[in-house]
Structure formats: C-alpha cells, structure tokens
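K.L.:
When you get a sec, could you give me coordinates for this:
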Amino acid sequence: MTNALSESRIPRSESLIPKPESTFSITTLSLANFRNYDDLWLALAPEPVVLTGMNGSGKTNILEAVSLLVPGRGMCRAAPTEWQNHHQSLPWAISATLDTPRGDIKIGTGRDPEMPYGERRVVHIDGRAVKSQQTLAEHVAMAWITPDMDRVLADGPSARRKLLDRMAYSFDPAHAGRVHRYEKALRERLRLLRDGVADAAWLSALEDDMAQTGVAIAAARLHLLRQLQTGIADTQSAFPQADLTLTGITEEGLSTQPALLVEDKLRAALARTRGDDAQSGTCAIGVHRSDLAVIHRTHHCPAELCSTGEQKALLVAIMLAYVRTLAQTRGMPPLFLLDDITAHLDSLRRAALFEEILSLRVQAWFTGTDTSFFKPLLPHAQSYVVEKGKVSG
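P.N.:
Alright, predicted model coming up:
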C-alpha cells in the first residue's frame, strides 16, 4: 500500500505508563488522500490518544481511518467514494503498524488503484494482498462509540441487532459470513414469494439455509450476551449496570431446546408462513426480527425510557464490558475509538471512563473540542491538536 509520508510527521513519544504484558496498539499510522488529509504520518506510543480541535478540523476522519483496519465500512458507515480526498487524483490509502503479542503487523488498505472509478478497497497484511477484508478480523479487534450511536438503545431493533452482530464479529470472525448468508437467503426467498414463483424445492432450500444459519447466528449472539453480562458484573464504576436479554423466537427456543430441534421448528415455521409473507412482503419469523432488551438495573427501567444521559451512560457501560471481555478472550486489548464522548458525560463519569481506560491498558482514541475535558487523562496520554487536516503535538 502507498504510505502517507512526511508533510505532517509527528514523532513517537516515550511510554508514559508501564507497557502491559499483552499489548495491542498502533505504533505508526499514515493517511494519503483520505477525507481532508493529503498526507499524514503519526508515530505513537501505546497510551491513549487525545485529538482536540474545532468542529470540521478532521479529528473524526482520523478515527474513521483507524476503524477501517477491521472489516466493513468503518465507524461512520460511509460509502467508499466519501473516503477519497476529492482534491487529489491518487487513490486514498491507509497504512498502520501494530504492536501485538505476536510481533509487529503491517496493515494497508485503500481504493484499488487498478479500478480508479470503483469502490472496491484492497487490503495488504505484511505486504501481501489478501483476498477478503474479513481477514482483518483475525488480526485486529476494535470497538467504538460515535455520536450516531447515542440513540441506539432507544431506536428500533435493527440498530441494536447491528451493534450486537458487530461485537460478535470480534469474537467469531465467521459470524459476519453467516449474517451475510442469512440475509442473502432472506432476500431471495422474499423475491420468489413476491414474484409468485411456485418453486417449492427452491423455497425449501432457502428456508433450510435460513434455519441453519439463523440458529448459528442466534447462538453466537447468546454467547456474546453471556460474556457481556460477566463483563458488566466485573465493572464497578460510576456507570450504571445493565441487564441484557435477547428477545426472539430462535433465541428463546435455544434457551430450552437443542439446536437441531430449533432448526426444525424454524424451518417448518418459514414454510408455514409463505402465504402471509407473500402478502405482506416481509418475513415475520427469524433472527432478523430479534431484539436486544436493555434494562437499567438500579432504576429497573427499560433503556428506551431512561433519560438521554442515562442511555449514553448505559451504552458506555456496555461497550466497556465488551472491551474488557474482548481483552480477556483474545488475550490482548482491542483498539477503542471514542468520538466526541466527553461532551455528553458529566465530570464524575468522564473521570470514571478515563480510569477504566487506563486500568484496561487499552489504546483508546478520543476526540473533542475542549481540551479541559481531558485534564485527568492528559498526564497518561498522548495529545494532539488537529486543525484543517494538519496535526501537531
């Protein structure tokens, strides 16, 4: 991959706190022609990274670039064409060196230079091209909280399912493939029903695929939920504790019945509801209908009925539990991206968040407009100012 070099070169600082035995951090990050950056190169220590500056200066763009070191469309869910710096003709590129327990890993990703007008992004790991970006999940684990997630606990079930599935990917990279396969079979079944194609064998094959992958998806979600509950129980801080449950016919079936029996029942239910689904244009049964229920334990209140501030605190508590669980499961902490997080927390919870981040020894990346909000963290962090696509330390 093309490296972004020299114009905005920031030297690596000395380590501020003892390096953990199982470390995972970015030691170099370069951007070329990405968003509002022409050329940026950062050398980093394992400590948290604090990026401050005015709105629109490019702070979030750096975090978004980091988020593309894992599979998918990044934390902003942008279209690939949006990543291109439109003042530059050369394709956008991101490269990073990561310090891991197994040694340094070099990752590069960017727009395919052989398809200048396409949206395909290519991935290189240690200088070699990989066929699928899903390979990134085998090397990098990551969590993030963005302003767009502020309403995730109050909005519809779809956003919560996506959050849950994204967390499950980090524990089981194959989960992404199962979700994709399930959704493809779901769409194809609905197309056949909508078009009135009376091919029972074809429909049965699609419903068999939905039943098998659906049960596997539900099982992965339930496994993640048990791990999150353990992580929540292990976290004692100013953030509220949450009780998490999955609602859905498949998940409820797996709690009392063998997986094969749940598959059979789901397969039969899909066959039985073909007529209703053809009329409604939707599929009424399956893991695409499941929902994550979150209860504020102290207030005994569903998250969607809590105040906006308490919803944010619950989300932070869940993500901290996720980071803690992921670190224990994989034997190393993930990268943690927190975009504009401090503006929505009071001073007590900001201090609690910083304390949790330092205790987890995670390389967290923060953005904000007010440096004073990070005052308790700054002695233990590396701080940079971002201004119009330029970064200074």
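K.L.:
Where does pLDDT dip in the stretch 101-250 of the chain?
P.N.:
Within the stretch 101-250 of the chain, the segments meeting pLDDT under 70 span 116-117.
K.L.:
Break down it into its strands, ranges please.
P.N.:
Using DSSP state E, counting those that start in this stretch, the strands of the stretch 101-250 of the chain run over residues 103-111, 121-125, 128-130, 142-145, 242-247.
K.L.:
now the first one: how far from the chain's centre is it?
P.N.:
In terms of Cα atoms, centre = their mean, to the nearest Å, the gap separating the centre of strand 103-111 from the centre of its chain is 18 Å.
K.L.:
Q212 versus L153, what's the distance?
P.N.:
Distance, L153 to Q212, using Cβ to Cβ, to the nearest Å: 31 Å. In this view, the C-beta of every residue, glycine as well, is placed from N, C-alpha and C.
K.L.:
Which one of the strands of the stretch 101-250 of the chain lies nearest to H344?
P.N.:
strand 142-145 (9.9 Å; Cβ to Cβ).
K.L.:
list the helices and strands the closest one packs on?
P.N.:
Judged by 3 or more Cβ pairs under 8 Å, 6 or more residues apart in numbering; DSSP states H and E, the packing partners of strand 142-145 are helix 59-67, helix 157-171, helix 308-330, strand 335-338.
K.L.:
Need the ones you listed in CSV (columns: distance to T247).
P.N.:
Output for the helices and strands packed on strand 142-145, formatted as CSV (distance: least, Cβ to Cβ, whole Å):
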stretch, distance to T247
helix 59-67, 29
helix 157-171, 9
helix 308-330, 17
strand 335-338, 28
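K.L.:
Can you redo those as a markdown table, where the extra columns are mean neighbour count and distance to G248?
P.N.:
Formatted as a markdown table, the helices and strands packed on strand 142-145 follow (neighbours: other Cβ atoms under 10 Å; distance: least, Cβ to Cβ, whole Å):
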| stretch | mean neighbour count | distance to G248 |
| --- | --- | --- |
| helix 59-67 | 24 | 28 |
| helix 157-171 | 19 | 9 |
| helix 308-330 | 21 | 19 |
| strand 335-338 | 24 | 29 |
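K.L.:
domain ranges for the protein?
P.N.:
If you go by automatic domain parsing, the domain ranges for the chain are 9-141+336-392, 157-295.
K.L.:
Relative to L314, which of those is closest?
P.N.:
Of all the domains of the chain, domain 157-295 comes closest under Cβ to Cβ, at 5.2 Å.
K.L.:
So what's the gap between stretch 340-349 and the chain middle?
P.N.:
On the basis of Cα atoms, centre = their mean, stretch 340-349 sits 21 Å off its chain's mean C-alpha point.
K.L.:
Equivalent analysis for stretch 209-223, please.
P.N.:
Centroid separation between stretch 209-223 and its chain, computed with Cα atoms, centre = their mean, is 20 Å.
K.L.:
ok so, going back, which one of the domains of the chain lies nearest to Y322?
P.N.:
domain 157-295 (5.4 Å).
K.L.:
L153 and Q212: who's more crowded?
P.N.:
Ranked by neighbour count (other Cβ atoms under 10 Å), L153 and Q212 place L153 first, with 24 against 19.
K.L.:
I'd assumed V316 was in contact with the more buried one.
P.N.:
No - with contacts counted by Cβ atoms under 8 Å, L153 stays clear of V316, the gap being 11.1 Å.
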